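[1] quick one, structure for this:
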Amino acid sequence: EVFAADEANVNNGYPVLKWQNKVDGKYSYDPDEGEGLKIDAETGIFDATNEGFSVKMDRLLVYTRLGLSDFTVSAKVKGETTALKNLQLTLSDDGESTVVTFSFLPLAAETDAEYSVKFKTDDAVTLSFTTPASDWWNGYAAESYDGGSGSATDPYRIATKEQLALFDLSTDKYDNKYFVLTTDLDMSGKYWKAKSFNGHLDGKGHTIRNLTIKGSDVANYAGFISQTTAPVVTYLQNINFESPVLDCTANYAGILAGYTMDTCIENCHVYNGKISSATNVGGLVGMLGSQKAKSGTAYVERCSFSGDMEGTTAAGLISSVYFSNATRAGYVEINDCYAVGNVTATESGSGLIKAISYMQGVTVVHCYSAATVVSGTLDDCGGLVSGVSYSSAKAIADKGLVLKNNVAANPSIITAKTGWNSSTKIMA
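    This is a model prediction of the structure:
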């Protein structure tokens with residue numbers, strides 16, 4: 001019970017929270033409920049995985065809040081102490097005791113491990129076990145890359161699936177660090193969790209096959225890369241994806257990246273992709289934006305998508321080109337790109353780009369779409385580009401949009417709004 005009678009008349013006789021009431025000069029809650037508190041050693045550590053575990057305290061705490069500073073938590077993998085990255089604590093209860101759950105970035109799956117947790121100065125409670133198998137690639141990360149220091153002249157080299165999983169596992173955004181793929185990789189059998197990245201990744205023309213993206217380090221962004229962020233300019237080059245699947249509920253989703261800012265993308269291709277997400281679904285990129293009003297700091301060149309996608313809003317290559325700032329500072333170029341396949345949107349869809357707004361300048365040159373577009377209930381749908389905003393709030397700058405030598409060669413464009421069905425359209 002939270003409320004009590006106002007015996008001390010601190011609230012004009014109305015009920016008060018228990019901590020507000022004094023009985024015999026003391027507040028009516030128990031200020032010493034945590035005195036002598038211990039971990040329930042008989043229960044010990046339970047619900048252990050490679051991403052966390054739980055312990056029970058020896059009583060149910062009502063007023064006392066526990067935090068990470070109250071505990072010493074450590075782990076060993078194969079007998080060696082390992083750092084627990086992104087360690088977090090959550091509290092719950094089972095009706096009789098307070099339950100403390102610790103979570104952290106995944107340790108290696110199917111590996112001998114030991115967890116240890118100590119409350120304040122008490123003896124540690126330990127558990128030795130074999131970490132269970134994982135459905136996620138980051139549970140099978142290598143300990144290091146195949147050489148390299150991350151510089152432009154000596155990039156980190158990724159030569160195995162496990163090394164690509166190490167790239168995925170790390171919370172480091174690798175600002176201005178360099179990576180290269182040195183071979184084709186088949187990522188079938190486990191899930192990929194999208195990660196944030198602000199470096200240089202050159203696939204050297206190699207192919208990542210059968211990647212299945214099911215989660216993200218940033219809830220609203222999903223793809224091989226979840227997001228890139230300014231002010232660093234990110235470079236993604238020469239990467240092929242064959243038969244990738246993206247299945248999530250992100251607000252920005254694309255096979256290569258969910259959300260990009262000041263990113264240069266060159267010669268990246270998706271073959272036979274399948275995407276299902278919430279909204280702003282793009283075959284290659286969910287959102288492409290820029291804060292820099294100059295050429296060469298945000299572009300997509302010689303890229304393509306083939307496959308099927310569905311979402312509330314969707315487009316064959318890029319769903320949204322914008323920067324959500326009324327200053328409209330950014331400049332974006334999209335050159336020599338195409339999309340084929342099927343775009344299905346419950347609200348609004350387009351063959352290449354869904355929406356353009358909040359930008360100083362956008363050029364789309366030598367691009368085409370041969371995607372079938374099925375659009376929903378909104379007015380804006382198109383074979384190549386739709387949803388260009390000229391409203392006062394979101395307008396692209398005056399004369400800021402350039403469309404040149406593009407073709408919308410869609411087999412069909414169907415919209416529930418008007419019921420029309422059209423074939424080849426040409427945009428200059």
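[2] helix, strand, or coil at D168?
    Of the three states, D168 takes helix under DSSP: H, G, I helix; E, B strand; the rest coil.
[3] am I right that A230 is in contact with T260?
    No - with contact defined as CB atoms under 8 Å, A230 does not count as touching T260 (9.9 Å). Backbone N, C-alpha and C define where each C-beta goes, glycine included.
[4] buried residues, stretch 192-204. List them.
    For stretch 192-204, the neighbour count (16 or more other CB atoms under 10 Å) marks 192-203 as buried.
[5] show me where the stretch 151-300 of the chain has helices.
    Assigned by DSSP state H, counting those that start in this stretch, the helices in the stretch 151-300 of the chain fall at 161-169.
[6] remind me which residues of it are low pLDDT?
    217, 293-296 (pLDDT under 70).
[7] could I get the buried residues of stretch 192-204 as TSV with distance to N138?
    Below are these laid out as TSV (distance: CB to CB, whole Å):
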residue	distance to N138
W192	8
K193	6
A194	11
K195	9
S196	14
F197	14
N198	19
G199	18
H200	22
L201	17
D202	22
G203	20
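[8] any idea which of those residues is the one closest to G223?
    Nearest to G223, judged by CB to CB, of these is A194 at 5.4 Å.
[9] hang on, the earlier thing: now, the buried residues of stretch 192-204 that are in strands?
    Using DSSP state E, the members of the buried residues of stretch 192-204 that fall in strands are 192-194, 200-202.
[10] Y235 and H200 touch, don't they?
    Yes - here Y235 reaches H200: they are 4.4 Å apart, a contact under CB under 8 Å.
[11] ok so, going back, more neighbours: A230 and T260, which one.
    T260 (32 against 19; other CB atoms under 10 Å).
[12] with adjacent residues omitted, what lies nearest to the more buried one?
    Sequence neighbours aside, T228 is the residue nearest to T260 in space, at 4.7 Å (criterion: CB to CB, 6 or more residues apart in numbering).
[13] how close does that neighbour sit to D172?
    T228 sits 14 Å away from D172, going by CB to CB, to the nearest Å.
[14] pick out whichever of these two has more residues nearby.
    Using other CB under 10 Å as the criterion, T228 and D172 rank with T228 on top: 29 against 14.
[15] how about the contacts made by that one?
    Shown in contact with T228 (CB atoms under 8 Å, 6 or more residues apart in numbering): 196-198, 234, 257, 259-263.
[16] phi and psi next, for it.
    For T228, the backbone dihedrals are phi -120, psi 150 (criterion: degrees, to the nearest 10).
[17] how much space separates it from A48?
    35 Å.
[18] how about A124?
    Per CB to CB, A124 is found 15 Å from A48.
[19] these two: which is more packed in?
    Set A124 next to A48 and count neighbours by other CB under 10 Å: A48 wins out with 18 against 14.
[20] got the CA positions of stretch 56-65 in CSV?
    The C-alpha coordinates for stretch 56-65 follow below in CSV (Å, rounded to 0.1, in the frame of the first residue of the first chain):
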residue,chain,number,x,y,z
LYS,A,56,17.5,-12.6,-6.3
MET,A,57,18.0,-10.5,-3.2
ASP,A,58,17.1,-12.1,0.2
ARG,A,59,14.0,-9.9,0.5
LEU,A,60,11.5,-7.6,-1.4
LEU,A,61,12.6,-4.0,-1.4
VAL,A,62,9.9,-1.4,-1.4
TYR,A,63,11.8,1.9,-1.0
THR,A,64,15.4,1.1,-1.5
ARG,A,65,16.8,1.4,-5.0
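[21] buried ones in that stretch?
    Buried residues in stretch 56-65, counted by 16+ other CB under 10 Å: 56-57, 59, 61, 64.
[22] then stretch 127-141?
    Those would be 131, 134, 136-141, for stretch 127-141 by 16+ other CB under 10 Å.
[23] now it: mean pLDDT?
    Stretch 127-141 shows a mean pLDDT of 93.
[24] check the offset of that stretch from the chain's centre.
    Relative to its parent chain, stretch 127-141 has a centroid offset of 21 Å by CA atoms, centre = their mean, to the nearest Å.
[25] and for stretch 169-187?
    Counting by CA atoms, centre = their mean, stretch 169-187 comes out at 16 Å from the chain centroid.
[26] now do stretch 283-294
    16 Å.
[27] swap in stretch 179-189?
    Distance, centroid of stretch 179-189 to centroid of chain: 20 Å (CA atoms, centre = their mean).
[28] got the contact list for it?
    Contacts for stretch 179-189 (CB under 8 Å, 6+ apart): 137, 146, 148, 150, 155-161, 164, 167, 199-204, 206-212, 239.
[29] can you give me the distance of the nearest residue to T111 once chain neighbours are set aside to F102?
    Leaving aside its sequence neighbours, T111 sits nearest to T131 (CB to CB, 6+ apart; 5.2 Å). From T131 across to F102, the span is 15 Å (CB to CB).
[30] equivalent analysis for Y156, please.
    The value you get for Y156 to F102, if CB to CB is used, is 30 Å.
[31] what do you get for E333?
    Where F102 is concerned, E333 sits at a distance of 47 Å (CB to CB).
[32] same thing with S149?
    33 Å.
[33] just want to know which of the two has more residues nearby.
    Ranked by neighbour count (other CB under 10 Å), S149 and F102 place F102 first, with 22 against 11.
[34] was I right to think that one contacts G52?
    Yes - under the criterion of CB under 8 Å, F102 makes contact with G52 at 5.3 Å.
[35] all strands in the stretch 251-400 of the chain, in order from the N-terminus.
    Assigned by DSSP state E, counting those that start in this stretch, the stretch 251-400 of the chain shows strands spanning 252-253, 257-261, 263-266, 269-276, 281-282, 285-289, 299-301, 304-315, 318-322, 331-335, 338-350, 353-357, 361-365, 368-375.
[36] likewise for the stretch 101-250 of the chain?
    Using DSSP E, counting those that start in this stretch, the strands of the stretch 101-250 of the chain run over 112-119, 125-130, 156-158, 178-181, 185-186, 191-194, 200-202, 207-209, 212-216, 221-222, 225-227, 234-237, 240-242, 245-247.
[37] what sits up against the first one?
    What that stands for is strand 112-119. Contacts of strand 112-119 from elsewhere in the structure, counted by CB under 8 Å, 6+ apart, are 37-39, 45, 48, 50, 53, 55, 57, 70-79, 102, 107, 124-131.
[38] ditto for the last one
    By CB under 8 Å, 6+ apart, the list of residues contacting strand 245-247 from outside reads 211-214, 222-223, 253-255, 273-277.
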